[in-house]
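Chemist: Provided below for reference: sequence and predicted model.
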Amino acid sequence: MNGTRSEDVPVDLVIPYYGSPTLLSKTVRSVLRQNGCGRWASITVVDDGCPRPASGVQGRASDPQVVVVRNPRNLGLVGNWNRCLTVGSAGFICLVHCDDLLHPDFLDNVREAVRAHPNAGLIHSFGLGIIGNLWTPRGARSRFRWAKNINVRMHPKIELFPAGDEAVRNVMRGVLCSSVVINRQVISALGGFREDLPFSADEEYWARIGSRFDVIEIPAKLIAYRTHVGSHRIKTWLEPDFWDSFVMTRRARFGYLRSPLDADRANFGKGLAQVAVNISLRLFAAGEFAQAKAYLSRAQEEDHSVVGTRAFQRLSRLLKRRIMGRPFAWFLTN
């Protein structure tokens, strides 16, 4: 630590919005609980022309600390992300998705990580899963700890991954968008998200950053991410060209490894298969049975060994019975 004060680590918290005002309000409330809001952390909602405008959100979302801007036209998901990157002037920026939640100690932990490694390009942490309004069993237990320790500061030991293959491999393990805080130097050097990758541009961006900048991992569950029927994730997975685009993104991400190992190559197919199973699980929970079955087939094509996993076998059995998915969402994610 170099003794830098909290005011010396300003962060722009920007929320790209196109969705539910109710969920946005919950997201904003979680952001407003961050230490230093209004002093060294600004909050901006960027409404991408949603039919349910962010300006109509009631309650805490109308707090004077929250600035709402509306794009004159719809830019699309990735286009709005890039628009968000232009908001504010702080040295660091975090894009908080409009249906996710931040732990009250999120920014305190980020601030400490930045004080320790001020030139890092990307800081990220772990998260909890929510399906609809139902926290998964693991998430529910952690949610209880969130509530119980709401006033207890979390100080996990951070881990630094040097720029290059170490950093790329770290982000290839999976990064939750809302947990990412980006150094503005990154945007100046590398630009923003690739808009030719409409479904998973974030995965490519994190790897591109890791190839040139150090990455910090905070090993604590500091965000909660939600999968629900109206979420962008569900809609995206139902797009006919999603999977081909996603595989292209994964190949682009893999390309940032300068010296790939045999294990990296083996994990490429396994990783795709695991993603396909996870998508199938969530589509099943949303009642999209035909698409859930199609993603199980994709998983098997990418890596046949996936058929031996417990998640694949359970989901296969339930799909054969055509049991309604929602009541079983908790069971499948345990």
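Modeler: Arrived safely, thanks for sending.

Chemist: all helices for the stretch 101-250 of the chain, in order.
Modeler: Listed in chain order, the helices found in the stretch 101-250 of the chain under DSSP state H, counting those that start in this stretch are 106-116, 137-148, 165-172, 184-190, 201-212, 232-237, 242-254.

Chemist: Out of these, which is closest to Leu315?
Modeler: helix 232-237 (14.6 Å; C-beta to C-beta). Any C-beta I mention is one placed from the backbone N, CA and C, and that applies to glycine too.

Chemist: Which positions in the closest one come out as buried?
Modeler: Of the residues in helix 232-237, those buried by neighbour count under the rule 16 or more other C-beta atoms under 10 Å are His232, Arg233, Ile234, Thr236, Trp237.

Chemist: Against Val14, how distant is Gln252?
Modeler: No, residue 252 isn't Gln; it's Ala. Here the distance between Ala252 and Val14 works out to 25 Å (C-beta to C-beta, to the nearest Å).

Chemist: Between those two, tell me which one has more neighbours.
Modeler: Val14 (24 against 18; other C-beta atoms under 10 Å).

Chemist: any chance of the buried residues of helix 232-237 in a markdown table, plus distance to Leu315 and pLDDT?
Modeler: Formatted as a markdown table, the entries for these read as follows, by distance: C-beta to C-beta, whole Å; pLDDT from 0 to 100:
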| residue | distance to Leu315 | pLDDT |
| --- | --- | --- |
| His232 | 22 | 66 |
| Arg233 | 17 | 73 |
| Ile234 | 16 | 78 |
| Thr236 | 20 | 86 |
| Trp237 | 15 | 89 |
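
Chemist: and Pro64, that's in a helix?
Modeler: No. Looking at Pro64 with DSSP: H, G, I helix; E, B strand; the rest coil, it is coil, so not inside a helix.

Chemist: What about it, how many residues nearby?
Modeler: The local packing of Pro64 (other C-beta under 10 Å) involves 6 other residues.

Chemist: what do you get for Pro10?
Modeler: Here the number of neighbours of Pro10 (other C-beta under 10 Å) works out to 18.

Chemist: How about Glu203?
Modeler: For Glu203, the count of nearby residues is 20 (other C-beta under 10 Å).

Chemist: My read is that it contacts Arg251, right?
Modeler: No. Taking C-beta atoms under 8 Å as the contact criterion, Glu203 and Arg251 are not neighbours in contact, 10.8 Å apart.

Chemist: what angle do the longest helix along the chain and helix 165-172 make?
Modeler: Looking only at the chain and at elements set by DSSP state H, the helix with the highest residue count is helix 262-285. Per axes from the mean of the first three to the mean of the last three C-alpha atoms, to 10 degrees, the angle that helix 262-285 makes with helix 165-172 is 20 degrees.

Chemist: Which other helices and strands does helix 262-285 contact?
Modeler: Applying 3 or more C-beta pairs under 8 Å, 6 or more residues apart in numbering; DSSP states H and E, we find helix 262-285 packed against helix 232-237, helix 242-254, helix 289-302, helix 310-321, helix 329-333.
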